[in-house]
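Asker: After the sequence you'll find the predicted model.
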Amino acid sequence: MNISLEWLSEYIDIELGLDELSSLLTNAGLEIEGLEYKKPAIEGILTARIEKVSNHPDSEKLKLCNVSVGADEYKLVCGDSSIKVGEIVPIALPGYKLPDGSVIKKTKVRGADSEGMLCSEKELGLSEENAGVMRLPEGTESGKEIGQVITGLSPMFGLNASGAPKKSVSLAGYSDSVFEVGLTPNRSDCLSILGVARELSALTGFKVHSHEISFDESTRSVNEDIDVIIEEKTTCSRYTARVIKRIKVAKSPLWLRQRLESAGVRPINNVVDVTNYVLMEMGQPLHAFDLARIEGGKITVRKARKKEFLKTLDGIERTFCGDELLIADNKGPLALAGIMGGLDSSVTDGTTDIVIESAHFIPETVRKTSRKQGIHSESSHRFERGVDLVAVPDALDRAAMLISQLAGGKISKGMIDSYPMPYENKEIRFRTQSCSDVLGIEMSADESLAYLRKLNMEVTLNGEEYLVVPPPYRVDIEREIDLIEEVARLKGYSEIPVENLSGVMPDRISENSGSLILLIKRFMADSGFNELINYTFQAPGDMDMLGLGDIDPLRDRPKLINPISEELSLMRSTLISGMLNSASFNLKKQNRALNLFELGKVFRDDGGQITESRRLSALITGDKGTLLWKREGDIYDIKGVLENLLDLLNIKEYNFVNCSDISYLHPGRGARVFVCGKEIALIGEIHPSVTENFDLRQKACIFDLNIDAVSLLSKENNIKFSDVPPFPFVERDMALMLDKSLPSNDIMQLIGGLHIDLIENIDIFDQFEGEGIEDGKKSLAIRFRYRSSKETLTDEKVNEVHNAIVAHLVDKTGAILR
Amino acid sequence: MLSELLKSLDSFKLESENAFLNAASKEELEKARVAYLGKKGKISEILKRVGTLSPEQRPLLGKRSNEIKAALESTISSKTAELLEASRAERFRTETLDLSLPGRRVAIGSLHPVTTIMQEITAALVPLGFVIEEGPDIESDYYNFEALNIPKDHPAREMQDTFYLSQDLLLRTHTSPVQIRTMEKYSPPMRVIAPGTVYRCDSDVTHTPMFHQVEGFVVDKKVSFAQLKGLLTTFVHKIFGAHVALRFRPSFFPFTEPSAEVDIRCVICKGEGCRVCKDTGWLEILGAGMIDPEVFKSVGYDPDKYSGFAFGMGVERIAMLKYGIKDLRMFFENDIRFLQQF
């Protein structure tokens, strides 16, 4: 909410600098988020009288004017075609420097002499009004400094509300500062100038000035023109109304428009502006209806009927579903209660008689409707947060007084005040000991109660406790803890000491996988991979881009009802598409060698059953090493990383099994990884068509590991030392011609199945196919290292064992020894 | 006869010495050695003629030939050393490597700044007895709102634009649901820290629909606001340095009361006022407060017996301040030129 200091100073004398004021409010929880300094450019602007107006010979829009400024006469061209002889207007004469830096000169406008410029309010920085030249009141002398003339037009120009000159404001040097106050939702009481003044009063001790409300009423009773019936007595707590007849709707005076603009409200006409003015000033939303548009002279507060509709002030036709709270007449809806009025019953230039509504609706109702209809207004904003139920008629009277002052008219006798839910004082117990305990500082009763009293709370002693009654505008205060917060706020958080935690350190050990996750991430980074964090959202098309089948479980993704965009409308079921998108993004930025990984959650919606799991995905593409030493990275590079990672996690018994059925992997270069029969990962080269879909333009290899499975399998590394072997090893090589399709892993398992203790290690040192090898076959060369822990092995012994292995492999696989 | 033989020995010495010294390689030297000193070498031929000498003369020839042999052996060994030296020098000349060339490096990876900052935050609190807890990203309305004293239609819900998956399921808007889940599961005393991904339906220059938070909370008997100030002061000093000034000011969160916003002296301008701190000299980095009695009621704790405090912070915000990152969106673009800087 924007608070004009000029406006605020009508309610409270502020003898503080801007910085002091700003930190005072911020430290009390009313955060000052910005400050705008406003200073009109009016020094040197004089008043001029229009002496003669004629048409410009070359333009239909422009007028030629003769003006007098005191005794001097000037000729100029004016763009405001409504200008008339006798009007008093502000003039900038040659030599005057405009706020934008340009200087007024004698010039010719389409051939006609122009010796100055008549100014609009906007050009002078007085308001946003730029529709035409500013008009000063009839009878204003010409040739005067405008600063002196408009003083009487606006309390902002050196007069306070009661007409007495303000202290610190010089006439020509008028300025205003507008604070942007960031209010938390609990502080609805500060959604007004008055509210901020009350808060400042509690903080500084300065008194809040109140307005004297007085006006004449006509003899005609309000009841002769209007009747109010509240059907919804549990949602409309109070409804007050007044009638004013024979008003003259017009543009509001400068001061009113200035203040509204400072609060960010666009001026409309004097009646609507007053309702908005009182809203901003007192925090009570008001609405003015054109009495002539209220069918049957009866206002009913009722629920909407299904399919009823209303065109609201914003021009949108709204159809109701049946539980919205409405203000209606005999014919139909007039307004959405507490949110926005209807266009048809609004006050227009032709309106003569009006009904002003000042009412109170409960927050839940207003919020529900405003959400359902997607309207957020100054009014709904306040009702949703809570409005002072007791002050409802005060705001009505303040508005009636201002309207009758500005628009004339007769205020009908009396006010309608229908009050089905009268305000009840809240009595809250307060114990000084609890206050001291919560804050961690010994608070005396005197001190804490003094703070509460400053906030206009009534405090009475009740046995060993106190009973505190907060003022009705503090809708947020309901419990003892709320009072404690007020005490802390007024004392100042900075006055509360800094203490160490006491009590025992809890000895519970974390049961989650956080440290494992960090271990894995660090390993990946140390292995040369850059960590990505992608949005966990996915586009609908990602699954097609991965070539997944129609019933692939990865398609069962949780869907957002209100996504940011279609592209971010589903929760991801795999990290791979994000990984490929990131790779593609970076390749396009000329980074041709990438090692990427992401460890994060994926989601699944299995017929309404939503699950989350964690996966690690890694990708390599492009050359490895600097240009000098580079070589193309391939699937075995990334497989090595995965193997190292599994070793690090003490997962030893893994099997890589080739598979050709994963849509996004090359059918001959993909594998599943199993541990104890459970699939834990996929690895492979990206399918060429998927590479194309993601616009990768180069080969890429990935793995995708189930972290939840891994964290269950990962064991503590229970190190058991074994003796360093004292005897030398013997090595024997073996080259076998095998079917190409036979995985090397099968050979390893066959050897393993023999359970030969003498084998210390087996390494595949060559795999070859092509030239010299029969089609469909491959040559596999294996080096065996034999060692005994008891003796030095003899050639005979080793040969015996080695030949037995050869014979076994030949027998089981049909291999040929080369 | 003797003198003739001695003379030929002397000329043999001269001749063979020349041959050894002129040898250009180890191989030539060996060849010369065999030719002169070998079993069938020239010296043997001279010595064969010893039979022509008288028994008295024979030792004289023997002595002389031994002297010459010894001298020649010494010539050979020094020549051998010389040749080795020369051949090494030649090898060294040709084997030179330019060590200013780049080494064969393994690519250096990086952790995402969000990971690093989260790790720093947890590392600051774990030694104080805090235990890490986690919760799901897809939360129920109950855990994300209701149990945290944010009933349906409460204006506080407007502070957080929520992504919904159904009437009841949503993407958590903060890590605070972990408070409820943990308090339901365990009983006090507890000190918990909960890092995680959170979501808000907002996307512009300063908002991303997904970001990260760390939540911390303490529940025990007699936990006070003064202790909250103490813990956060320690924490901020660990993260931003020991001399950073803090400011606690009143704020509002439905699940804490009293609530506070914690500011630190602007790390960019040191309080002078700059664009980053919007000329206030302060940077908002933490939200905190005493756990609201309503929250204790929803998990079945007696608010008259236990008290506690909670605090939460945005990880990206802290990363931006610590590293001087200006654009929030860079965190999720995953440009490796960004990632490799961390």
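Answerer: Structure's in. What do you need?
Asker: show me what contacts the residue in the stretch 601-750 of chain A that chain B sits nearest to?
Answerer: Residue of the stretch 601-750 of chain A nearest chain B, by Cβ to the nearest Cβ: A:Trp629 (4.7 Å). C-beta here means a position set from N, CA and C on the backbone, and glycine is covered the same way. Counting by Cβ atoms under 8 Å, 6 or more residues apart in numbering or on different chains, A:Trp629 touches B:Pro102, B:Arg104.
Asker: longest single helix anywhere in chain B?
Answerer: Scanning chain B for the helix with the most residues, using DSSP state H, yields helix B:58-94.
Asker: Next, the buried residues of the helix or strand that comes right after it.
Answerer: The C-terminal neighbour of helix B:58-94 among helices and strands, as given by DSSP states H and E, is helix B:113-125. When burial is assessed from 16 or more other Cβ atoms under 10 Å in any protein chain shown, helix B:113-125 yields the following buried residues: B:Pro113, B:Val114, B:Thr115, B:Thr116, B:Ile117, B:Met118, B:Gln119, B:Glu120, B:Ile121, B:Thr122, B:Ala124, B:Leu125.
Asker: and what of stretch A:768-777?
Answerer: Result for stretch A:768-777 [16+ other Cβ under 10 Å]: buried residues A:Lys777.
Asker: Which phi and psi values does A:His287 adopt?
Answerer: phi -140, psi 140 (degrees, to the nearest 10).
Asker: which one is it nearest to, not counting chain neighbours?
Answerer: Leaving out its chain neighbours, the residue that sits closest to A:His287 by Cβ to Cβ, 6 or more residues apart in numbering or on different chains is A:Glu357, at 4.6 Å.
Asker: Would you confirm that the one you found belongs to a strand?
Answerer: Yes: under DSSP: H, G, I helix; E, B strand; the rest coil, A:Glu357 falls within a strand.
Asker: For it, give its distance to chain B.
Answerer: Per Cβ to the nearest Cβ, to the nearest Å, A:Glu357 is found 23 Å from chain B.
Asker: swap in A:Leu334?
Answerer: 24 Å.
Asker: Toward the C-terminus, what is the element adjacent to the one helix or strand that residue maps to?
Answerer: Using DSSP H and E, A:Leu334 sits within strand A:333-336. Using DSSP H and E, the helix or strand that follows strand A:333-336 in sequence is strand A:340-341.
Asker: Show residues contacting that following strand.
Answerer: So strand A:340-341 is in contact with A:His287, A:Phe289, A:Thr312, A:Leu313, A:Asp314, A:Leu334, A:Ala335, A:Ile375, A:Ser377, A:Ser379, A:Ser380, going by Cβ under 8 Å, 6+ apart.
Asker: follow-up on the earlier one: check contacts around the residue nearest to A:His287.
Answerer: Residues near A:Glu357 by Cβ under 8 Å, 6+ apart: A:Tyr239, A:Thr240, A:Ala241, A:Leu286, A:His287, A:Ala288, A:Phe289, A:Ile299, A:Ile327, A:Ala335.
Asker: if we go to 10 Å?
Answerer: A:226, A:228, A:239-242, A:275, A:285-289, A:299, A:301, A:327, A:334-335, A:337-338, A:341, A:392, A:396, A:399, A:416 (Cβ atoms under 10 Å, 6 or more residues apart in numbering or on different chains).
Asker: ok, what's across the strand from it?
Answerer: A:Ala241, A:His287 (DSSP bridges).
Asker: so A:Pro728 touches A:Thr794, yeah?
Answerer: No: with contact defined as Cβ atoms under 10 Å, A:Pro728 does not reach A:Thr794; the gap is 11.5 Å.
Asker: Report the buried residues of the worst-scoring helix or strand of chain B on mean pLDDT.
Answerer: In chain B, the helix or strand scored least confidently by mean pLDDT, DSSP states H and E is helix B:42-48, which has a mean of 81. By 16+ other Cβ under 10 Å, the buried positions in helix B:42-48 come out as B:Lys42, B:Ile43, B:Ile46.
Asker: Flag every buried residue along stretch B:305-324.
Answerer: Under 16+ other Cβ under 10 Å, the buried positions of stretch B:305-324 are B:306-321.
Asker: same question, stretch A:734-750
Answerer: So for stretch A:734-750, counting by 16+ other Cβ under 10 Å, buried means A:Met734, A:Leu736, A:Met737, A:Leu738, A:Leu742, A:Ile747.
Asker: Secondary structure element for the second one, which one?
Answerer: Secondary-structure assignment from DSSP H and E places A:Leu736 in strand A:730-739.
Asker: Give me the packing partners of that strand, helices and strands only.
Answerer: Counting contacts by 3 or more Cβ pairs under 10 Å, 6 or more residues apart in numbering or on different chains; DSSP states H and E, strand A:730-739 is packed against helix A:744-753, strand A:759-768, strand A:777-786, helix A:795-813, strand A:816-817.
Asker: Contacts only, for the residue nearest to A:Ala399 when sequence neighbours are not counted.
Answerer: Excluding the flanking residues, the one nearest A:Ala399 by Cβ to Cβ, 6+ apart is A:Val278, at 4.5 Å. Contact analysis of A:Val278 by Cβ under 10 Å, 6+ apart lists A:192, A:194, A:284-286, A:356, A:358, A:394-403.
Asker: Quick check: residues of the stretch 1-150 of chain B near chain A?
Answerer: B:101-116, B:118-119, B:122-123, B:126-138 (Cβ under 10 Å from any Cβ of the partner chain).
Asker: burial measure for the closest residue to chain B within the stretch 201-350 of chain A, as a count.
Answerer: In the stretch 201-350 of chain A, no residue comes nearer to chain B than A:Leu203, which is 11.6 Å away by Cβ to the nearest Cβ. As a burial measure, A:Leu203 scores 20 neighbours (other Cβ atoms under 10 Å in any protein chain shown).
Asker: before we move on, what about A:Pro472?
Answerer: Neighbourhood size, A:Pro472 [other Cβ under 10 Å]: 17.
Asker: Same check on A:Thr626?
Answerer: Residues near A:Thr626, counting by other Cβ under 10 Å: 14.
Asker: Please verify my assumption that it contacts B:Ala107.
Answerer: Yes: counting by Cβ under 10 Å, A:Thr626 touches B:Ala107, with 9.2 Å between them.
Asker: residues shared between the contacts of these two?
Answerer: A:Ala593.
Asker: residues in contact with stretch A:141-149?
Answerer: Stretch A:141-149 has contacts (Cβ under 10 Å, 6+ apart) with A:40, A:42-51, A:67-72, A:88-92, A:119, A:124, A:126, A:134, A:136-137, A:140, A:150, A:157-158, A:170-174.
Asker: what's the neighbour count on the nearest residue to A:Ile805 once chain neighbours are set aside?
Answerer: In space, and not counting its chain neighbours, A:Ile805 is closest to A:Ile751: 6.3 Å by Cβ to Cβ, 6+ apart. Residues lying near A:Ile751 (other Cβ under 10 Å) number 18.
Asker: quick one: A:Ile751 from chain B, how far?
Answerer: 32 Å.
Asker: what do you get for A:Asp72?
Answerer: 45 Å.
Asker: beta partners for that residue?
Answerer: For A:Asp72, the beta-bridge partners are A:Val69 (DSSP bridges).
Asker: list the contacts for it?
Answerer: A:Leu46, A:Ala48, A:Leu93, A:Glu115, A:Ser142, A:Gly143.
Asker: Can I have the buried ones of these as a ChimeraX selection?
Answerer: In ChimeraX, a selection of the buried entries from the contacts of A:Asp72 looks like this (16+ other Cβ under 10 Å):
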select /A:46,48,93,115,142
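Asker: Go through the contacts of A:Asp72 and say which is closest to A:Gly182.
Answerer: A:Leu46 (41.8 Å; Cβ to Cβ).
Asker: Is that closest one bridged to anything, and to what?
Answerer: Residues in beta-bridge contact with A:Leu46 (DSSP bridges): A:Ile91, A:Glu145.
Asker: Would you quantify the distance from it to chain B?
Answerer: Using Cβ to the nearest Cβ, one gets 37 Å for the distance from A:Leu46 to chain B.
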